[in-house]
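>>> Fold the following, please.
(one chain, ligands or ions: 1)
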Amino acid sequence: MLEIQGIETFYGETQALFGVDLSVGKGEAVALLGPNGAGKTTVLRSILGLTPARRGAIRFGGSEITRAATSDIARAGIGWVPDDRRIFPALKVRTNLQLGKKKTAFRSWSEKEVFGLFPALEYLLDRDSENLSGGEMQMVAIGRALLGGPGLVLLDEPSQGLAPKLVQDVMKTIARLRDEGIGVLVVEQNVRSALAVCDRAYVIRGGRVVRHGPAKALLEDARLLGELS
Ligand code: ATP
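Now for the predicted structure:
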């Protein structure tokens with residue numbers, strides 16, 4: 001579904017990614033791990049066209065999107081759950097969710113289906129978004145992405161700042177999306193939790209992929225877990 005080949009991405013003259021290869025299949029959950037400043041967010045920004053790759057290629061569903069406009073990439077069916085969630089604080093939850101609605105080539109989720117995933121969300125619809133807790137904001141951000149009919153969802157540190165119980169809820173949500181046939185690429189600091197739920201993982205360091213493989217195998221590598229924790 002997503003295929004990245006040898007991308008090199010820069011911020012001005014500063015090179016952040018050096019020939020990154022990565023793929024995500026249909027209905028596959030993939031973790032992107034690594035220390036601070038490794039380039040994880042830059043991979044997501046490159047896919048979304050926010051900081052387009054200068055070299056290399058990114059294909060989604062067989063079409064090249066390397067230098068496509070972010071709005072076209074979104075319409076192609078790539079959903080984004082940013083690390084700061086980007087919920088409009090002055091708007092009601094209902095409006096924040098509605099802003100995510102669009103038609104793509106993939107299955108669009110109805111509001112009812114989103115409430116099936118996050119029952120609490122239905123009771124928050126008329127709340128001002130500025131009063132939401134971190135966990136509630138995360139539900140709105142994921143719900144908004146699903147209403148946009150994604151074939152692939154990019155999640156940037158979705159469990160950041162959440163209580164341990166909510167971290168597990170986020171992991172269950174990732175498993176659910178995968179089971180629905182949606183591809184998931186998740187940047188996570190909760191390495192063990194992410195590896196426990198994902199199918200495969202990539203470890204990135206200094207803008208390069210230094211390890212990749214089945215999540216199960218990486219979970220058994222105590223040294224790697226020690227380095228990333
Ligand atoms: P973290 O876990 O801390 O978010 P990360 O792995 O997501 O880290 P990136 O945010 O992708 O890492 O950063 C990769 C490199 O690019 C770092 O050296 C960072 O300083 C640099 N960088 C990121 N954003 C910018 C920017 N807007 N301008 C210049 N350099 C940047």
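>>> for the chain, what spans make up the strands?
With DSSP state E as the criterion, the chain has strands at 2-11, 14-24, 29-33, 55-60, 63-64, 78-81, 152-156, 183-187, 200-205, 208-214.
>>> For the protein, which residues are neighbours of the ligand?
Within the chain, the residues that sit near the ligand (Cβ under 6 Å from any ligand atom) are 11, 14, 16, 34, 36, 37, 38, 39, 40, 41, 42. All C-beta atoms are positioned from the backbone trio N, CA, C, and that covers glycine.
>>> Go again with 8 Å.
Residues of the chain lying close to the ligand (Cβ under 8 Å from any ligand atom) are 11-12, 14, 16-17, 34-43, 45, 51, 83, 156-157, 187, 189, 204, 207.
>>> could the strands of the chain be laid out in JSON lines, adding mean pLDDT and mean neighbour count?
Output for the strands of the chain, formatted as JSON lines (pLDDT from 0 to 100; neighbours: other Cβ atoms under 10 Å):
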{"stretch": "strand 2-11", "mean pLDDT": "98", "mean neighbour count": "18"}
{"stretch": "strand 14-24", "mean pLDDT": "98", "mean neighbour count": "18"}
{"stretch": "strand 29-33", "mean pLDDT": "97", "mean neighbour count": "27"}
{"stretch": "strand 55-60", "mean pLDDT": "98", "mean neighbour count": "18"}
{"stretch": "strand 63-64", "mean pLDDT": "96", "mean neighbour count": "10"}
{"stretch": "strand 78-81", "mean pLDDT": "96", "mean neighbour count": "26"}
{"stretch": "strand 152-156", "mean pLDDT": "97", "mean neighbour count": "25"}
{"stretch": "strand 183-187", "mean pLDDT": "97", "mean neighbour count": "26"}
{"stretch": "strand 200-205", "mean pLDDT": "96", "mean neighbour count": "22"}
{"stretch": "strand 208-214", "mean pLDDT": "96", "mean neighbour count": "15"}
